[in-house]
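1. predicted model follows, preceded by the sequence.
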Amino acid sequence: DNNTGSKESPFLTLERAKQEIRKIKKTKSKQAFVVYIREGDYRLDETFNLYPEDSGIGSKYTVTYKAYNDENVTLSSTKKFNAQWTKYNGNIWRTKLSLSFDKGFVPRHIWINDECKSVARYPNRVEDLRPFEGVAKDCLSKERASKWKTANGAYVHGMQHGKWGSMHYRMLGVIDSTPHLELVSTNTTTMYNNAQLHPTDRFVENVFEELDAAGEWYYDRYTNYLYYYAEDGMDLKSSTLEIPQQTSIIRFNGSHDEPVKYISFENISFRKSLPSWYKTQEHLPIGDYAINREGAITIEGSENCKISNCKFSEIGGNGIVLSNYNFKTIVEKCHFDGVEANGIILVGNRSAMRDRPWCDVTDNVKTISLAKERGYILSYRIWNEPYRETEQSKDWTPGPKNMDFPHKCIVRDNLITRIGELEQQAAGILLSMCSENTISHNSIYDLPRAGICINDGSWGGHVVEFNDVFHTVLCTADHGPFNSWGRD
C-alpha cells in the first residue's frame, strides 16, 4: 500500500492508516487525527487491534475513525472465497474449500450474495419465530437420530429446563439410536450441575441429513466440501461467498497501567461476526449470568474512548464489551438489531472481587446416561459451586481490591432490539463487577430476557435513568425488564 492517504490516493486498509498515524506522532505528537473511510463493505479477516501507542492525547488531540460525509461504511469479519460450485443432487450444490474454524466449531451462518444463510437444522428455520426460529420436541428422538450418518460434530441448542437461559451442546455421536451430547456452554448457572436441556424447546443443527430446505448449507470437515441447498433459479456460479473469521472486528488492547485513550469510532456499521456460544463459559459472581468477554467491538483497558452512532447487525456474539479497566468510555447513539448474545456488557476483572462468589468449571468430566429420562447420554465438566453457598466470607474489607473494572463509563441514547436470540440469558445492557456507570436514555425492547441487568452489587453507584424498556422476557422465565440479584 504505497498510497499517500489523501482523498485522491487513500490508504487501502485501516492498518495502514494506523501505522501512518504512529509515524506522524513520532515527530508531531500534539495533533488530532481523523481517518475517513469511504463508502463500501470492508472485510477484515483479522481483528483490527488498537494499542496504547495508538492513543490520542487529551480531549483536544483525539484519534477518530469515521465514515466520510455520512457515507455507508460496513466493517465485517468475513473472508471472501472463490467458490467453484458443481451440482451434487437436485437443488444441492457443493464446492471444495479447505477451511479452519475457531476451536473447531463450524460457524452458524455464511453469506451468499450478501444474504445470511443458516447451517442445516431441524426443525427448519422460520424467521422471527421464537424461541430459536423454531424448536421441536423430537429433534433428538431415536427415530430421527437413527437416520444421521453425520451426527458427530452436530450441535444442539435449547432452553434450560427451567427457561432461565439456554444450553448448548456438541454431539459426540449416536449410540444405539441415542444421541451422546457434550455440554459445551450455558449462559445460566442456575441449578449448577443439575441443569438440563428443555424437553421441547430445542433444535439440532450442522447435520448433513437435515440439509432439506432452500438457503441451508453444510460443511463436511472430512471431505472439505461445502454443500448448499440453492433456491429455485439461483445462479450459484456467479454468486459471492463470505465466511466469518473472528468474533471481534475491532479490539482495544490496554490495561489500567497502560490504557488506550481518546480513540473514537463513528457512523460505521458492523456485521457478520463469528458466533460465541461455545465460548460463553465465564460465570459471573452473585447472579447467574455467564458470558464471553468478546464482542464485535471489544474494549479492554481504555480511558475516554467513544463508540458513537454505529450499527450492529448479524453479530454472532455480543455487540460491545467493555472488559476489565475502562474509565469514562462512552457508548452512545448506537443501534443493535440482530445480535445473538448481549447488546452491551460492562464487566470487571475477578481479581478485584473479594472471596470467590462464582462458579468455576473444572476439567473433570462426568458421563451419565439419561436415555430413559431425557433421551440422550450426557457428558459435562463438573462445576464447583461458589463459596457463598457453603461458607461465610472471610474478607470484610469494603470496596474492590483493585481498579480493574469499568468505572464512570456512559451508555446513552442507544436503540437495542432483537438481541439474545441464540444465547437466551442475555441483556440489552449487562453490568457486572463495575461501579458508578451511567445508563441513560436507551430504548430497549423485543428481547428474550432482561432489558437492563445488574448482575451483582459490586461496587454499586450506578445511575440508571430515563430508559424506555418494554416487551422483554419473551422466551424465558422468572425475570423482568430490569433485573438484579440481592445475593451480595
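-> Here it is on my side, so go on.
2. which stretches of the chain form helices?
-> For the chain, applying DSSP state H gives helices covering 14-25, 142-145.
3. now the ones you listed as a markdown table including distance to Asp201, mean pLDDT and mean neighbour count?
-> Glycine gets a C-beta too; all of them are placed from N, C-alpha and C. Shown next, in a markdown table, are these (distance: least, CB to CB, whole Å; pLDDT from 0 to 100; neighbours: other CB atoms under 10 Å):
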| stretch | distance to Asp201 | mean pLDDT | mean neighbour count |
| --- | --- | --- | --- |
| helix 14-25 | 41 | 96 | 16 |
| helix 142-145 | 17 | 96 | 17 |
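4. nearest to Cys305, of those?
-> helix 14-25 (14.7 Å; CB to CB).
5. could you say what helices and strands that closest one packs with?
-> strand 33-37, strand 48-50 (3 or more CB pairs under 8 Å, 6 or more residues apart in numbering; DSSP states H and E).
6. who touches that helix?
-> Contacts with helix 14-25, where a contact means CB atoms under 8 Å, 6 or more residues apart in numbering, come from 1, 3, 5, 11, 31, 33, 35, 37, 42, 44, 48, 50, 53-54, 63, 65.
7. what do you get for stretch 151-159?
-> In contact with stretch 151-159 (CB under 8 Å, 6+ apart) are residues 105-106, 131-132, 135, 139-140, 145, 148, 165-174, 179, 181, 197-198, 201-207, 221, 277, 422, 424, 475-476.
8. what's the local residue count around the nearest residue to Asn326 once chain neighbours are set aside?
-> In space, and not counting its chain neighbours, Asn326 is closest to Pro406: 4.3 Å by CB to CB, 6 or more residues apart in numbering. By other CB atoms under 10 Å, 28 other residues sit near Pro406.
9. what's the separation between Lys333 and Lys408?
-> From Lys333 across to Lys408, the span is 19 Å (CB to CB, to the nearest Å).
10. oh sorry, the question was meant for Arg221
-> Going from Arg221 to Lys408 by CB to CB gives 47 Å.
11. please apply the same query to Asn304.
-> For Asn304 relative to Lys408 (CB to CB), the value is 10 Å.
12. for the chain, which residues score under the pLDDT cut-off?
-> When residues are selected by pLDDT under 70, those of the chain lie in 386-391, 486-488.
13. before we move on, back to that, of the contacts of helix 14-25, grab the buried ones for ChimeraX.
-> Buried residues among the contacts of helix 14-25 (16 or more other CB atoms under 10 Å), as a ChimeraX selection:
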select :11,33,35,37,42,44,48,50,54,63,65
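14. out of the contacts of helix 14-25, which one sits closest to Ile92?
-> The nearest member of the contacts of helix 14-25 to Ile92, counting by CB to CB, is Leu44 at 31.2 Å.
15. so which residues of the stretch 101-250 of the chain form strands?
-> 109-112, 115-119, 121-122, 155-160, 166-175, 178-186, 197-205, 216-220, 225-229, 241-244, 250-253 (DSSP state E, counting those that start in this stretch).
16. centroid residue for the chain?
-> Most central in the chain under CA atoms, centre = their mean is Gly317, positioned 1.2 Å from the mean C-alpha point.
17. quick check: it touching Gly295?
-> Yes: using CB atoms under 8 Å, Gly317 and Gly295 qualify as a contacting pair, with a distance of 6.4 Å.
18. which residues do these two both contact?
-> Taking CB under 8 Å, 6+ apart as the contact definition, Gly317 and Gly295 share the neighbouring residues Thr247.
19. distance check, Ile444 against Glu133.
-> Using CB to CB, Ile444 is found at 21 Å from Glu133.
20. which of the two has more neighbours?
-> Neighbours were tallied for Ile444 and for Glu133 using other CB under 10 Å; the higher tally belongs to Ile444 (28 against 17).
21. from what I can see the more buried one touches Val464, true?
-> No: under the criterion of CB under 8 Å, Ile444 is not in contact with Val464, lying 11.4 Å apart.
22. run a quick neighbour tally on the spatially closest residue to Arg354 that is not a sequence neighbour.
-> Once flanking residues are discounted, Arg354 sits nearest to Asp395: 4.1 Å by CB to CB, 6+ apart. Neighbours of Asp395 under the rule other CB under 10 Å: 9.
23. same question, Lys237
-> Here the number of neighbours of Lys237 (other CB under 10 Å) works out to 11.
24. so what's the closest residue to it other than its chain neighbours up against?
-> Nearest in space to Lys237, with sequence neighbours left out and distances taken as CB to CB, 6+ apart, is Trp85 at 5.6 Å. Contact analysis of Trp85 by CB under 8 Å, 6+ apart lists Trp93, Arg94, Thr95, Tyr228, Leu236, Lys237, Ser239.
25. and the buried ones among those residues, selectable in ChimeraX?
-> Buried subset of those, written as a ChimeraX selection, criterion 16+ other CB under 10 Å:
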select :93,94,95,228,236,239
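26. TSV for the contacts of Trp85, including distance to Ile286?
-> Shown next, in TSV, are the contacts of Trp85 (distance: CB to CB, whole Å):
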residue	distance to Ile286
Trp93	51
Arg94	49
Thr95	49
Tyr228	46
Leu236	51
Lys237	55
Ser239	49
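27. returning to that earlier point: so which of the helices of the chain gets nearest Ser440?
-> Nearest of these (CB to CB): helix 14-25, 30.9 Å.
28. correct me, but Ala136 touches Asn124?
-> No: judged on CB under 8 Å, Ala136 makes no contact with Asn124 at a distance of 9.6 Å.
29. list the residues that contact both of the two?
-> Counting by CB under 8 Å, 6+ apart, nothing touches both Ala136 and Asn124.
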